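Participant: After the sequence you'll find the predicted model.
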Amino acid sequence: MVQSRATQLGIFVGGSVVGILLANMLNRQQPAPVPVPVQQPRPQPPPMVPTRPAPVPVPVPVPAPPAPKPAPVPPTPARVQPTNDDISSILQQLGFPGPISDTRAHEAYVSNFNRQLRNPNWVFEHLTRDNLKAPHSGGSKGSDNEPDRSHSTFKEDNSIPGMFRALLKDYFKSGYDRGHLVPAADAKRSQTAMDETFLLTNISPQVGTGFNRDYWSHFELFTRRLTKTFDDVYVFTGPLYLPKKDLATGKWKVEYEVIGNPANVAVPTHFYKVILVKDATTGRYAVGGFVLPNTPIPGDAPLESFSMPISAIEKSAGLVFFDKLPIIHLPDQVTPLCQATKCSLTESRAYIEAIKKRKALAGPP
């Protein structure tokens, strides 16, 4: 502040240089001012500014990158329903399960075998006056020129697979005869033909006394004797398994015994014969069907009492006979057998009894 007054005085005196010098002298003569200690204000701490906690970063949802698109899948073609030809082809490739009916042609007959029941389904033969005769052209007994039943033996048919075959041991102590469906007496044309009738594919279990050895045997002879009246006699023979009514319940049941150990061969409840003959003079056919129970039958029972319509036998057996001759089902085109000839076993029975007596008188060979 002193410097300021001198300066002001110099300027006031005249504003000349003297004034300036005087001012400078005054400035040098003034003692230096003693500094007065000034209490400095204590520094104040910086004001407390409330602080906020550091912000916590909030995760910002970031959209995920889009998933890669799967490769396009070609559309599944619609399933085509296999045609009958396709499914048949598949079956042929995998194998036909059956049922298989084993048909065998022999010298005197044809047989069709049932693998499940181990019985024939049917046997077929054609009888004439000539083929029922033995050759008798010389030779030893048991040869083809002199066939003899005593030289024939029952045999298993090895052409049938083992698991489906009827066995000789099945009949052992079974209580049943090994009953021929084509009798040996129908195959006298050669020893080979006769031997083939003893194959078990031509055999069914039959009640012995009263049936196989009696009434059925008489019926077989009656069939052979038809060749005396008709040039051609065609015969189907086979077993049946017919239902029987249970009197207690009123229900029908099919029941049959099975022989063998283990059980193997079914025992038929009935047997049938379907016989077709042709009258050589008129060319007209006659046909007859018969169903006999596999039980003892009285010798005087009329054969006609066992007559049955062919259609009824076909329905029971599941077979069709002579389907190439539909006229056999037309009553106005075919004659019932028992009208074309006398259906009686009297002559047959008398003949067989005479044969038995003759053999008894002759004694053992």
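Facilitator: Right, received. Where do you want to start? This one's a predicted model, so the numbers in the text were calculated from it and none came from an experiment. Numbering: from 1, shown residues only.

Participant: Output the below-cut-off pLDDT ranges for this protein.
Facilitator: 1-65, 67-68, 71, 73-84, 136-143, 359, 361-365 (pLDDT under 70).

Participant: Quick one: classify the residue sitting nearest the centre point of it as helix, strand or coil.
Facilitator: Nearest to the centroid of the C-alpha atoms of the chain, with distances taken as CA atoms, centre = their mean, sits Pro97, at 6.0 Å. Pro97 falls in the coil class when you classify it by DSSP: H, G, I helix; E, B strand; the rest coil.

Participant: what's near enough to touch it?
Facilitator: By CB atoms under 8 Å, 6 or more residues apart in numbering, no residues touch Pro97. The C-beta positions use only the backbone N, C-alpha and C, and glycine is treated the same way.

Participant: In three-state terms, label Lys273 for me.
Facilitator: Three-state call for Lys273 (three-state DSSP): strand.

Participant: Distance from the lengthiest helix in the chain to the middle of the chain?
Facilitator: Determined from DSSP state H, the single longest helix within the chain is helix 346-362. Relative to its parent chain, helix 346-362 has a centroid offset of 51 Å by CA atoms, centre = their mean, to the nearest Å.

Participant: Likewise for stretch 212-230?
Facilitator: The gap between where stretch 212-230 is centred and where its chain is centred comes out at 41 Å by CA atoms, centre = their mean.

Participant: And for it, what's in contact with it?
Facilitator: 127-129, 132, 177, 179, 183, 185-186, 206, 233, 235, 271, 273, 275, 277-280, 286, 290, 292, 296-299, 301, 303, 341, 343-345, 347-349, 351-352.

Participant: can you pull the buried residues of it?
Facilitator: Residues 212, 214-227, 230 are the ones in stretch 212-230 that count as buried (16 or more other CB atoms under 10 Å).

Participant: same thing with stretch 172-180?
Facilitator: So stretch 172-180, judged by 16+ other CB under 10 Å, has buried residues 174, 176-180.

Participant: Which residues does that stretch contact?
Facilitator: 154, 171, 197-198, 200, 202-208, 212-213, 216, 259-260, 267.

Participant: returning to what we had before: I'd like the buried residues of stretch 172-180 laid out as a markdown table, including secondary structure and distance to Val320.
Facilitator: Listed next are those as a markdown table, based on DSSP: H, G, I helix; E, B strand; the rest coil; distance: CB to CB, whole Å:
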| residue | secondary structure | distance to Val320 |
| --- | --- | --- |
| Ser174 | coil | 32 |
| Tyr176 | coil | 29 |
| Asp177 | strand | 30 |
| Arg178 | strand | 29 |
| Gly179 | strand | 25 |
| His180 | strand | 24 |
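
Participant: Might one say that Val233 is in contact with Ile275?
Facilitator: Yes - using CB atoms under 8 Å, Val233 makes contact with Ile275 at a distance of 6.7 Å.

Participant: can you give me the strands for this structure?
Facilitator: 101-105, 110-114, 119-127, 177-180, 203-206, 232-240, 244-245, 252-253, 258-259, 265-266, 270-278, 285-293, 334-336 (DSSP state E).

Participant: Output these as CSV; include the columns distance to Glu314.
Facilitator: Output for those, formatted as CSV (distance: least, CB to CB, whole Å):
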stretch, distance to Glu314
strand 101-105, 16
strand 110-114, 15
strand 119-127, 11
strand 177-180, 22
strand 203-206, 19
strand 232-240, 10
strand 244-245, 20
strand 252-253, 19
strand 258-259, 25
strand 265-266, 20
strand 270-278, 9
strand 285-293, 9
strand 334-336, 15
